[in-house]
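Undergrad: I need the structure of the sequence given here:
(chains A, B, C and D)
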2 protein chains.
Amino acid sequence: MTIDQVAAAVGVNRSSVSRAFSRPEMLSPETVARIREAAEKLGYTPNHSARALSTGRHGNLALVVPDVANPFFPPMIRSVQNEADHQDYCVFLGNSDEDPRQEEKLLGRFSGQVEGIVLASPRLSDERIRAFAEVKPLVLINRDVAGIPRVLIDSGSGVAEAVAYLAQQGHRRIAYVSGPSSSWSNKQRRAAVKKTAAELDLDVITMAAQVPSYEAGQRAVSFVLEGGATAAVAFDDLTAQGMLAEFRERGVRVPRDVAVVGCDDVVGATTYPALTTVSNRAGEAGQIATRLLLDIMTTRAVHDVRYVLETHLVVRETTAPAAANRRQG
Amino acid sequence: MTIDQVAAAVGVNRSSVSRAFSRPEMLSPETVARIREAAEKLGYTPNHSARALSTGRHGNLALVVPDVANPFFPPMIRSVQNEADHQDYCVFLGNSDEDPRQEEKLLGRFSGQVEGIVLASPRLSDERIRAFAEVKPLVLINRDVAGIPRVLIDSGSGVAEAVAYLAQQGHRRIAYVSGPSSSWSNKQRRAAVKKTAAELDLDVITMAAQVPSYEAGQRAVSFVLEGGATAAVAFDDLTAQGMLAEFRERGVRVPRDVAVVGCDDVVGATTYPALTTVSNRAGEAGQIATRLLLDIMTTRAVHDVRYVLETHLVVRETTAPAAANRRQG
DNA sequence: CTGTTAGCGCTTTCAA
DNA sequence: TTGAAAGCGCTAACAG
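TA: Residues are numbered from 1 along each chain as shown, chains lettered A, B, ... in the order given. From the prediction side, this is the model:
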């Protein structure tokens, strides 16, 4: 069913049908009604590709994330979609699998059929990101590349609070269990741990980079124990959860023997003991990023925005005064 | 940068350029090389919309799910994307928010620019689903509509196992905490509970339909307790997790005082106590559905496929012999 | 093997 | 307020 068939049915020119949908105010209300009615009856739907070819607008957005299954992202995906939906945009979702090459491939595939891209926690080089941003409006989430609009969740602030809290509880040696080395969030968290620890004169040991997962957390436990830390800050909740399980497995009591704090607050209070963690604002980040993108797309003005969302420590049950302290008390 | 500019630069006809990309075997290797090189140098990328308009192929798929944030779906999303990726398809993701009207809207928006649709756990009526399936290749996940290709995760088999296991442990009165009433999975699970309970001569009380969530689980606890059940089967793990928390909150010990079993195995062994549940095959379902879809898209033959994946009980730590039993023993 | 040509369905000046 | 006509960039017969 094309525009011409509708036009023929109503007895008007194809341009009138076109206008009845895209510019109804240019037509007499009566004609619009007649056309719409006929279109409805005939089951006419405008052809997206034809419109896109003609106008250069596809009405699509792309969102690329490293791992859909990481609980950090779903709320973000949801809010991006929601925001896009309000403006009648469809969104492509891409999963890079934490792989820069896959990310590049997806971006390439998408860029031909979207008006803008939201790129979350990219693993690509700054250079490549810049290259894509030059071709299409692009906004970054959790990656700080100068000149490219970005919204950053400053988990550093929350992590710093966590370390300070741990210090206050008497912990003198803490472990940081790293996430992916190419991750901006990981750099930020590690830096916050080190900086705050230095200020408070704490020892810190850092476990090497790894893809965040439950299993990664389990593997981290030996490192923490052998390193002699009494508290651990994990890259994220998933990792922390794996640690909790492995500690339990080994008969190490949390928080009595060792304190653990997660990051991103994705498991809520659903662990046992309920996980002390750093709040997450992924949903908000997605919303803001999408609005920013939509704005850039319409105004075509790329202001060098750098939106940062602060986070905070959420104290629950996996932190307690250091064992050494208790013995003395 | 269009095909004509490349053609001009190389000194060939536009169709040769077109063929250099879509049908290289029709050209002399030398010409192909010359064209590709020039295209590369000029930074030419084929225009998706133009190609789609001309061929009727968009190279896109759509996946619509009720709730991205429900941990049941991410693995499915991931496998659909993965499968699509192998065939160079891009995938649109839609979130219906458990709302039939939103689902309808999304489907409408997508159908103009995709070659096929995977519709997971739809909340739409059979009639509407059929209408969409008539227009575009469509495969269903977890919804049984005759004549439309579908892949079903038979959680009924696992739930039946769960009830039988509970009976064997001495439970005589069990509660089923329902999910959404429009959900095929819910109907199936409830039916399995009732049927198996009847066969084993158990009492069963059923809590009214609700959108599955942690909070829904918390609310269900009163119902279970007041109903006098010694074991509860929850619609899904999320709900079960909420129940676990609320039972703990009220000082009711699991599994000593009450047994709880989840469904879908999305939280793994990460709860405490580790949740007894019914296995989930969402990832596989997504993969199979996508392959089916791709197959239908190419062959254009819609065979009435009904693919069912069996599930099983995964016994962990939230089930134990009924308290009454223990007292007697 | 390569060129010619006629569209794909829609939007958009420009006229009327 | 409506019609006519020229493309948008690409593909696909059909010739040669």
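
Undergrad: as a whole number, average confidence for stretch A:182-193?
TA: Per-residue pLDDT over stretch A:182-193 has a mean of 93.

Undergrad: Can you get me a residue count around A:D144?
TA: For A:D144, the count of nearby residues is 14 (other CB atoms under 10 Å in any protein chain shown). For glycine as for every other residue, the C-beta is placed from the backbone atoms N, C-alpha and C.

Undergrad: Now do the SS call for it.
TA: The local conformation at A:D144, judged by DSSP: H, G, I helix; E, B strand; the rest coil, is coil.

Undergrad: I'd guessed it sits against A:R150; true?
TA: Yes. In this structure, A:D144 is within contact of A:R150 by CB atoms under 8 Å, at 6.0 Å.

Undergrad: shared neighbours of these two, anything?
TA: Residues touching both A:D144 and A:R150 (CB atoms under 8 Å, 6 or more residues apart in numbering or on different chains) are A:R306.

Undergrad: Flag every residue of the stretch 51-200 of chain A that's near DNA strand C.
TA: For the stretch 51-200 of chain A, the residues in contact with DNA strand C (CB under 7 Å from any atom of the strand) are A:51, A:53-55.

Undergrad: Highest neighbour count among these?
TA: Those, ranked by neighbours (other CB under 10 Å): first place A:R51, 21 neighbours.

Undergrad: wait, what's in contact with it?
TA: A:R57.

Undergrad: how near is it to A:P100?
TA: 34 Å (CB to CB, to the nearest Å).

Undergrad: Repeat that for A:R130.
TA: For A:R130, the distance to A:P100 (CB to CB) stands at 14 Å.

Undergrad: out of the residues of the stretch 51-200 of chain A next to DNA strand C, who's nearest B:L27?
TA: Set against B:L27, the nearest of those by CB to CB is A:L53 (25.3 Å).

Undergrad: Now the closest one: closest residue in space that isn't a chain neighbour?
TA: B:S49 (4.3 Å; CB to CB, 6 or more residues apart in numbering or on different chains).

Undergrad: What count of nearby residues applies to the one you found?
TA: Neighbours of B:S49 under the rule other CB under 10 Å: 23.

Undergrad: Am I right that it falls within a strand?
TA: No. Assigned with three-state DSSP, B:S49 falls outside any strand and is helix.

Undergrad: Which pLDDT value belongs to it?
TA: 92.

Undergrad: give the contact list for it.
TA: B:S49 neighbours (CB under 8 Å, 6+ apart): A:48-50, A:52-53, A:58, A:113.

Undergrad: same thing but 7 Å
TA: Contact partners of B:S49, counting by CB atoms under 7 Å, 6 or more residues apart in numbering or on different chains, are A:49, A:52-53, A:58, A:113.

Undergrad: Within reach of DNA strand D, which of the residues you listed are there?
TA: A:L53.

Undergrad: Number of residues surrounding the closest residue in space to A:S181 that isn't next to it in sequence?
TA: Closest residue to A:S181 apart from its sequence neighbours, by CB to CB, 6+ apart: A:A209 at 3.9 Å. A:A209 has 17 neighbouring residues, counting by other CB under 10 Å.

Undergrad: Wait, A:A209 touches A:S178, no?
TA: Yes. Using CB atoms under 7 Å as the test, A:A209 is close enough to A:S178 to be in contact (4.7 Å).

Undergrad: Just the buried residues of stretch A:162-176, please?
TA: Residues of stretch A:162-176 classed as buried: A:162-167, A:169-176 (neighbour count, 16 or more other CB atoms under 10 Å in any protein chain shown).

Undergrad: Farthest-apart pair in those residues, please.
TA: Every pair of the buried residues of stretch A:162-176 checked by CB to CB; the farthest is A:G170 and A:Y176, at 18.3 Å.

Undergrad: show me what contacts A:I288?
TA: By CB under 7 Å, 6+ apart, the contact list for A:I288 reads A:151, A:307.

Undergrad: And A:H86, by the same measure?
TA: With contact set as CB under 7 Å, 6+ apart, A:H86 has no partners.

Undergrad: Which pLDDT value belongs to it?
TA: 93.

Undergrad: Enumerate the residues of the stretch 1-150 of chain A near chain B.
TA: Within reach of chain B by CB under 7 Å from any CB of the partner chain, the stretch 1-150 of chain A has these residues: A:45, A:47-50, A:52-53, A:58, A:68-69, A:71, A:74-75, A:77-78, A:81, A:90-93, A:95, A:109-110, A:112-113.

Undergrad: one step back: just flag the most distant two among the contacts of B:S49.
TA: A:L53 and A:Q113 (11.0 Å).

Undergrad: still on that earlier bit, tell me the one of the contacts of B:S49 nearest DNA strand C?
TA: Ranked by distance to DNA strand C (CB to the nearest atom of the strand), the contacts of B:S49 are led by A:L53 at 4.3 Å.

Undergrad: if I read this right, that closest one contacts B:L53, doesn't it?
TA: Yes. In terms of CB under 7 Å, A:L53 counts as a neighbour of B:L53; the distance is 5.2 Å.

Undergrad: got the buried residues for the longest helix along chain A?
TA: Counting residues, the longest helix found in chain A (DSSP state H) is helix A:282-299. Within helix A:282-299, the residues that qualify as buried by neighbour count (16+ other CB under 10 Å) are A:282-297.

Undergrad: ok, is that helix in contact with DNA strand C or not?
TA: No. Remark: helix A:282-299 sits outside contact range of DNA strand C, by CB under 7 Å from any atom of the strand, the gap being at least 13.9 Å.

Undergrad: can you dump the C-alpha coordinates of whichever helix or strand comes after that helix into PDB?
TA: Moving toward the C-terminus from helix A:282-299, the next helix or strand (DSSP states H and E) is strand A:306-310. The C-alpha coordinates for strand A:306-310 follow below in PDB (Å, rounded to 0.1, in the frame of the first residue of the first chain):
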ATOM      1  CA  ARG A 306      30.200  17.300  30.400                       C
ATOM      2  CA  TYR A 307      27.400  16.300  32.700                       C
ATOM      3  CA  VAL A 308      28.400  14.500  35.900                       C
ATOM      4  CA  LEU A 309      26.200  12.700  38.300                       C
ATOM      5  CA  GLU A 310      27.500  12.300  41.800                       C
END
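
Undergrad: What parts of the stretch 1-150 of chain A come near DNA strand D?
TA: A:11-16, A:19, A:26-28, A:30-31, A:50, A:53-54.

Undergrad: Mind giving me the ChimeraX command for buried ones among those?
TA: Remark: buried members of those, expressed as a ChimeraX selection using 16+ other CB under 10 Å:
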select /A:12,16,19,27,31,50,53
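
Undergrad: What is the nearest of the residues of the stretch 1-150 of chain A next to DNA strand D to A:L225?
TA: Taking those together and measuring to A:L225 by CB to CB, the closest member is A:L53, at 62.0 Å.

Undergrad: Okay, strands next: where are they in chain A?
TA: For chain A, the strands defined by DSSP state E cover A:60-65, A:90-95, A:116-120, A:138-141, A:150-154, A:173-177, A:203-207, A:231-234, A:259-261, A:277-278, A:306-310, A:313-314.

Undergrad: JSON lines for those, including mean pLDDT?
TA: Listed next are the strands of chain A as JSON lines, based on pLDDT from 0 to 100:
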{"stretch": "strand A:60-65", "mean pLDDT": "97"}
{"stretch": "strand A:90-95", "mean pLDDT": "96"}
{"stretch": "strand A:116-120", "mean pLDDT": "97"}
{"stretch": "strand A:138-141", "mean pLDDT": "96"}
{"stretch": "strand A:150-154", "mean pLDDT": "96"}
{"stretch": "strand A:173-177", "mean pLDDT": "97"}
{"stretch": "strand A:203-207", "mean pLDDT": "96"}
{"stretch": "strand A:231-234", "mean pLDDT": "97"}
{"stretch": "strand A:259-261", "mean pLDDT": "97"}
{"stretch": "strand A:277-278", "mean pLDDT": "97"}
{"stretch": "strand A:306-310", "mean pLDDT": "96"}
{"stretch": "strand A:313-314", "mean pLDDT": "96"}
